[in-house]
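Peer 1: Here is a sequence together with a model predicted from it:
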Amino acid sequence: MASEKSSSDLILLDFWVSPFGQRVRIALAEKSLPYEYVEEDLLAGKSDRLLQSNPVHKKIPVLLHGGKPVNESLIIVQYLDEAFPDTPSLLPSDPYARAQARFWADYVDKKEFFGGEHGFGFVDAAFAPFTAWFQSYEKYGEFKVAEVAPKIAAWTERVGKRESVAKSLYSPDKVYDFIAVLKKKYGIE
């Protein structure tokens, strides 16, 4: 079990539009853990701090806890549950239920979707950041999430009203504008 440390020494290396970083921000908010946010300007290049903190994948998000890096968003969320056991847990206490939550989070991470009703937890924190991208998916894909996946659309509306999610995600319009910048930068227009 990880030893509990003060949350005052948490630093998150992130990029504003990253759904993976947003899931970490949601988890930090759900647990009411203060942290320092460090924006990585990935379009301008990766900082030495990021490259040293994540030398294998060289990507965000990275959580620094007491100077020690924890990489990969789902691993970070699980780490927060273990490192701060006195905060609300995102993973169930039952080992089987915990394994199921990890399965669905992994499933979501592979860009597939799940359905059904769940209380807010690990899977919700893993999937919620992608909802800010739905408007762009709809515009570029010429479809409506509500028409092709009504349960996901209903879940999106419910989870979007949760304070931790609302405060952690950027608006779908800002994400759409960011995608337009990327398309222009890479000549995809």
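Peer 2: On my side now, so go ahead.
Peer 1: switch to C-alpha atoms for all contacts and neighbour counts from now on
Peer 2: Noted.
Peer 1: List the residues that contact the residue nearest the centre of the chain.
Peer 2: The residue lying closest to the centre of the chain (C-alpha atoms, centre = their mean) is Arg23, at 1.9 Å. Residues in contact with Arg23 (C-alpha atoms under 8 Å, 6 or more residues apart in numbering) are 73, 77, 125-129.
Peer 1: Which of the residues you listed has the largest number of neighbours?
Peer 2: Neighbour counts for the contacts of Arg23 (other C-alpha atoms under 10 Å) peak at Ala126, which has 28 neighbours.
Peer 1: Now go through the contacts of Arg23 and say which are in helices.
Peer 2: 73, 77, 125-127 (DSSP state H).
Peer 1: what two of the residues you listed are the furthest from one another?
Peer 2: Val77 and Phe127 (12.4 Å; C-alpha to C-alpha).
Peer 1: returning to that earlier point: make JSON lines from the contacts of Arg23 and add pLDDT and distance to Gln52 to it.
Peer 2: Output for these, formatted as JSON lines (pLDDT from 0 to 100; distance: C-alpha to C-alpha, whole Å):
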{"residue": "Ser73", "pLDDT": "94", "distance to Gln52": "17"}
{"residue": "Val77", "pLDDT": "95", "distance to Gln52": "21"}
{"residue": "Ala125", "pLDDT": "85", "distance to Gln52": "27"}
{"residue": "Ala126", "pLDDT": "86", "distance to Gln52": "25"}
{"residue": "Phe127", "pLDDT": "88", "distance to Gln52": "28"}
{"residue": "Ala128", "pLDDT": "91", "distance to Gln52": "29"}
{"residue": "Pro129", "pLDDT": "92", "distance to Gln52": "26"}
